[in-house]
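Student: Predicted coordinates and the sequence they were generated for:
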Amino acid sequence: MKISWFKCDITPEIGTKISGYAMEDISMSQWSQLLMTGLLVDDEKNKVLLISCDLLCMDIEYIHKFRKMCGDILGIPPEAVMLTFTHTHGAPQTNSEPGYPNHLNIPYMEMLERSLKKECEKLLSSPQKIECNVFFYSLNVDENRNRRVMTADNHAGFLPHLAELHSLADGFVDQELGCIMFFPADNSIFPVYIIANYAAHPLAAHALGTGGRRISADYPAPFREYVTQETGAECMFISGACGNMIPKKDELGSHAASEMGKHLGEGVLRSLIDSTRNAERFLMKSPSVGAICRTIRVPLRNSYRDNPKNLVPRDLGKKEIDLEIQCLAIGDVCFVGTPGEWCAELGAEIKWHGAFRKNFISFGATGYQDYMCPGNFLLQGGYEAKKQNFAPRSSIAMVKTAVDATYELLDKFDPLPPGEERDYKMDDYKMKIGMKLVSP
């Protein structure tokens, strides 16, 4: 593979409205830069562009517009461009909000478009084009927890509002830190680029008072800084299915965010060490890249239809809405882009059932349709369930659409004869444990 990349400062001026807990939160200071990072990956047949922005989320209309613009510049299909968002609450307002017609910061969106256009043109005219060997790895890092606590009669409590229940937090937690690591083909010691994926709302630094009025990328900023400082590699952070995942030290301020970023960074260092010392297991063999998008139509909840308190203007008057799934693969890893805040249980279904060796969630890559939960959450209640605007049984249909899309994309890399089902040959994948060679 050959790669090239960009890193762009998208930090607004202090005094800009930010996507905090209220619609009118005005920034009073800056704790960290906001970045837009992009990686162009070329397998000599196809190219994909993966972009991560330190923003809360983005309207689907802008995502489609930016995908097409990048694709036109680079000569690739729009679906080969994925935009995803770290979901920081310390960034400008880049999405429409029900009941707030002036919520979207149009001048900032125009600045983003100009910046993205400029960076893609630079990729085209003067790319680094470093030929790389590519490794994957994942390990668990204990830095998050589930913010829903269930009672015996299947009702949900919301930990951010019930601090005395923290010790009872025993819900499903996805603690996987997933990594893709690029090393120059002629140098196996110094990585040049690292992508990391983790599921936790960036709400460690969002402390009460002035701490919640800072321009901030939250823990992804110290995470990237730590990785680059220790390895010399550029770093991209991608948020996973963090709908109900929060930092263990949520809302405790900048020290909590720095500490979390460092601990995740140490996870990357461990990934680098173990993957390179076991290259026969973690080095991608002849990796390919590709991407597809698929759409599913789902019914809105009856109480949400034509309700301007719950729906943005584009969805008023509809009985059904379209949800898009995007899959972007880099060798053995597939990033699955979702249309909103997936709870971790839905993300785990993709990880468990997806076609690739590793399947990671890319937050909000296909728009923002609010929270998305397993169907039973709507019976349990709680914040996430209240914010889901489509019918409960549609969640599993959305998961199936995503899983099917991963298989469809894998079939493009490795076509099967008509009518045949994929049969993985485990003998093709062996791992060394000590001196013994075994098949898993």
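Tutor: Noted; the coordinates are in hand.
Student: surely residue 416 meets residue 422?
Tutor: Yes: the pair formed by residue 416 and residue 422 meets the contact definition of Cβ atoms under 8 Å, at 6.2 Å. All C-beta atoms are positioned from the backbone trio N, CA, C, and that covers glycine.
Student: three-state assignment of residue 132?
Tutor: Under DSSP: H, G, I helix; E, B strand; the rest coil, residue 132 falls in the strand class.
Student: Could I get the full set of strands for the stretch 201-350 of the chain?
Tutor: Along the stretch 201-350 of the chain, the segments classed as strands by DSSP state E, counting those that start in this stretch run 214-215, 234-239, 245-247, 289-299, 320-330, 333-337, 341-342.
Student: how much does the second one deviate in direction from strand 333-337?
Tutor: Translated: strand 234-239. Strand 234-239 and strand 333-337 meet at an angle of 50 degrees, taking axes from the mean of the first three to the mean of the last three Cα atoms, to 10 degrees as the criterion.
Student: Return the distance of residue 15 relative to residue 400.
Tutor: Counting by Cβ to Cβ, to the nearest Å, the gap from residue 15 to residue 400 is 46 Å.
Student: Those two: which is more packed in?
Tutor: A direct count of neighbours by other Cβ atoms under 10 Å for residue 15 and residue 400 places residue 400 higher, at 13 against 9.
Student: Secondary structure element holding that one?
Tutor: helix 394-413 (DSSP states H and E).
Student: which strands and helices sit next to that helix?
Tutor: Under the contact criterion of 3 or more Cβ pairs under 8 Å, 6 or more residues apart in numbering; DSSP states H and E, helix 394-413 touches strand 289-299, strand 320-330, strand 333-337, helix 344-353.
Student: Does residue 311 touch residue 370 like I think?
Tutor: No: the criterion here is Cβ under 8 Å, and residue 311 misses it with residue 370 at 9.3 Å.
Student: who touches both of the two?
Tutor: Common contacts of residue 311 and residue 370 (Cβ atoms under 8 Å, 6 or more residues apart in numbering): residue 389.
Student: what's the spacing between residue 157 and residue 165?
Tutor: From residue 157 across to residue 165, the span is 6 Å (Cβ to Cβ).
Student: Neighbour count for those two, which is higher?
Tutor: The neighbour count for residue 157 versus residue 165, taken as other Cβ under 10 Å, is higher for residue 157 (17 against 12).
Student: if I pick the more buried one, what's in contact with it?
Tutor: 148-151, 165, 382.
Student: mind running it again at 7 Å?
Tutor: Residues in contact with residue 157 (Cβ atoms under 7 Å, 6 or more residues apart in numbering) are 149, 151, 165.
Student: Name the nearest residue to the second one, sequence neighbours excluded.
Tutor: By the measure of Cβ to Cβ, 6 or more residues apart in numbering, the closest residue to residue 151 outside its immediate chain neighbours is residue 157, 6.8 Å from it.
Student: In terms of helices and strands, where is the one you found?
Tutor: Element membership of residue 157, judged by DSSP H and E, is strand 156-158.
Student: Quick check: neighbours of that strand in the sheet, parallel or antiparallel?
Tutor: Strand 156-158 sits in its sheet next to strand 148-150 (antiparallel), going by DSSP bridges.
Student: And the contacts of the strand it pairs with?
Tutor: 156-159, 165, 168-169, 171, 244, 380, 382.
Student: which of those residues are buried?
Tutor: Buried members of those, scored by 16 or more other Cβ atoms under 10 Å, are 156-159, 169, 171, 244, 380, 382.
Student: which one of those sits closest to residue 66?
Tutor: Each of the buried ones among the contacts of strand 148-150 was checked against residue 66 using Cβ to Cβ; the closest is residue 244, at 28.2 Å.
Student: Quick check: that closest one vs residue 173, distance?
Tutor: Counting by Cβ to Cβ, the separation of residue 244 from residue 173 is 9 Å.
Student: Common neighbours of these two, please.
Tutor: 146, 344.
Student: Which residue is the nearest non-sequential neighbour of residue 269?
Tutor: Leaving out its chain neighbours, the residue that sits closest to residue 269 by Cβ to Cβ, 6+ apart is residue 230, at 6.1 Å.
Student: Could you do residue 91 as well?
Tutor: Once flanking residues are discounted, residue 91 sits nearest to residue 55: 4.6 Å by Cβ to Cβ, 6+ apart.
Student: Run through the residues that contact that neighbour.
Tutor: Shown in contact with residue 55 (Cβ under 7 Å, 6+ apart): 85, 88, 91, 94.
Student: can you pull up the bridge partners for the first one?
Tutor: Residue 85 forms beta bridges with residue 53, as assigned by DSSP bridges.
Student: Go ahead and confirm it touches residue 59.
Tutor: No: at 11.5 Å, residue 85 does not count as touching residue 59 under the criterion of Cβ atoms under 7 Å.
Student: quick one, which of those two is more surrounded?
Tutor: Counted by other Cβ under 10 Å, residue 85 and residue 59 do not tie: residue 85 has more neighbours, with 24 against 17.
Student: Could you check the pLDDT of the more buried one?
Tutor: Looking at residue 85, its pLDDT stands at 98.
Student: thinking again about what came up before, which one of the contacts of strand 148-150 is nearest to residue 4?
Tutor: Proximity of those to residue 4 (Cβ to Cβ) peaks at residue 244, which lies at 36.2 Å.
Student: Nearest residue to that closest one in space, please, no chain neighbours.
Tutor: residue 343 (4.6 Å).
Student: ok, the one you found - how many residues close by?
Tutor: 27.
Student: any idea how far it lies from residue 304?
Tutor: Residue 343 is 18 Å from residue 304, by Cβ to Cβ.
Student: what's near enough to touch the most centrally placed residue in the chain?
Tutor: The residue lying closest to the centre of the chain (Cα atoms, centre = their mean) is residue 362, at 2.7 Å. Going by Cβ under 7 Å, 6+ apart, residue 362 touches 82, 84, 238, 335-338.
Student: Just list whatever residues bridge to it.
Tutor: Bridge pairing for residue 362 - DSSP bridges - gives residue 337.
Student: Next, work out how far apart it and residue 15 are.
Tutor: The gap separating residue 362 from residue 15 is 31 Å, by Cβ to Cβ.
Student: Check residue 328 too.
Tutor: Distance, residue 328 to residue 15, by Cβ to Cβ: 36 Å.
Student: before we move on, what about residue 124?
Tutor: 35 Å.
Student: Over to residue 285?
Tutor: As judged by Cβ to Cβ, residue 285 and residue 15 stand 52 Å apart.
Student: One more: residue 178?
Tutor: If you measure residue 178 against residue 15 using Cβ to Cβ, the figure is 37 Å.
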